[in-house]
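Asks: give me a model of this one.
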Amino acid sequence: MKPGKNNLITDVAGLRVGNASLDDAKTGVTVLTSDEPFLASVDVMGGAPGTRETDCLAPSNMVNDVDAIVLAGGSAFGLDAASGVTDALAENDRGFRVGPVTVPIVPAAIIFDLLNGGDKAWSKNPYNALGRKALFDAGVGFDLGTSGAGSGATTANMKGGLGSASIVLSNGYTVGALVVVNPHGSVVTPDTGHFWAAPFEVDNEFGGLGVNTKTQPLFEPKNEKLAAFEAKANTSIGIVATDAVLDKAQANRFAVAAQDGLARSIVPSHTLYDGDLIFGVSTRQKPLSDANSTELQMALGHAGSLCMARAVARGVYLAEQSDNDTLPSWRSLFQSK
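Replies: Residues are numbered from 1 along each chain as shown. Here you go, the predicted structure:
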């Protein structure tokens, strides 16, 4: 397996991603969309999710296709970003048709980033406008790290961020992941800059430090800057996508498998403080062969978990330091070492 051309979720042909940020507020929105509706499901494993229109993505429910997926900061305030995306799509006649009415289907999930040092004293909820702006910004290329919904993300002991990665399987199918890294846990091993995701790194995409070979107890770092294991952040939210033709139940299992990527790259993950969830997306461009459908689904799930783990590390590795941050960035701690 090798990364796609851009090592982004948009290596899955047809998908586009847009970001919008409020730098002073240290928050933002990321939108995944496409020119055509795409199939989606979702899996939630964290104990504190914040979502909109995710119930309709259950395999037993009617809706198959969505027009966009929104990942946002702002906790409950951030759910309004989906309203901005929905309005903008409706203005362009995009959505589920019911007679003369068109209703865009826009599931959303949010992270808690209200205590990250940003100015949240807004007089009007900014997320509707941010959602619209992120949709209009959508393209194949997009920024990672301190961008979009990752603008104000934090981990247990350093800044989080927006991450993405891709894999092209030997059989030609493409898998990509997009994640907002904002967990209660840590993405690095204790007292070091080594990422938990190091075994899955490709081409030094997050620093090339390799696996930490030292034996150390968990959560007992000696470095005071890395010792801030408190409930300052919670929830990592992501999307795993493929061009393989999946049905809704298969997309759900695809998302379930990708949750392993969070567990491989964040310690601990899926806690009561986290609202960890992953959307599973299929653009339905390449059919699965009936002869080996089960094996292909297993390969796609494994690729999704590896992409998700790498995306988590990339999001933190590429985060940038800015004024009034409550936590250091990975680069400020380890870039010169």
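Asks: what about the strands in the stretch 101-250 of the chain?
Replies: 101-103, 108-110, 161-168, 174-181, 237-244 (DSSP state E, counting those that start in this stretch).
Asks: would you list the ones you listed in TSV and tack on mean pLDDT?
Replies: Below are the strands of the stretch 101-250 of the chain laid out as TSV (pLDDT from 0 to 100):
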stretch	mean pLDDT
strand 101-103	91
strand 108-110	97
strand 161-168	98
strand 174-181	98
strand 237-244	98
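Asks: which one of these has the most crowded surroundings?
Replies: Among the strands of the stretch 101-250 of the chain, strand 174-181 has the highest mean neighbour count (mean count of other Cβ atoms under 10 Å), at a mean of 32. Quick note: C-beta positions are derived from backbone N, CA and C, even for glycine.
Asks: gap between that one and the chain center?
Replies: Chain-centre distance of strand 174-181: 6 Å, with Cα atoms, centre = their mean, to the nearest Å.
Asks: correct me, but Tyr127 touches Gly84?
Replies: Yes - using Cβ atoms under 8 Å, Tyr127 is in contact with Gly84, at 7.0 Å.
Asks: what pLDDT does the closest residue to Gly141 other than its chain neighbours get?
Replies: Closest residue to Gly141 apart from its sequence neighbours, by Cβ to Cβ, 6 or more residues apart in numbering: Asn6 at 6.6 Å. On the pLDDT scale, Asn6 is placed at 98.
Asks: quick one: contacts for Asn6?
Replies: Asn6 is in contact with Val140, Gly141, Ser166, counting by Cβ atoms under 8 Å, 6 or more residues apart in numbering.
Asks: point out where this protein drops to low pLDDT.
Replies: For the chain, the stretches flagged by pLDDT under 70 are 215-233, 290-291, 336-337.
Asks: where is the longest helix in it?
Replies: Determined from DSSP state H, the single longest helix within the chain is helix 293-317.
Asks: so what does that helix touch, helix or strand wise?
Replies: Here helix 293-317 touches strand 161-168, strand 174-181, strand 237-244, helix 248-265, helix 330-334, going by 3 or more Cβ pairs under 8 Å, 6 or more residues apart in numbering; DSSP states H and E.
Asks: related to what we said a few turns ago, nearest to Gly152, of the contacts of Asn6?
Replies: Comparing those against Gly152 with Cβ to Cβ places Gly141 closest, at 22.2 Å.
Asks: hmm, back to that, show me which of Tyr127 and Gly84 is the more surrounded one.
Replies: Each of Tyr127 and Gly84 has its neighbours counted (other Cβ atoms under 10 Å); Tyr127 has more, 30 against 25.
Asks: ok, Gly172 - contacts?
Replies: By Cβ under 8 Å, 6+ apart, the neighbours of Gly172 are Lys286.
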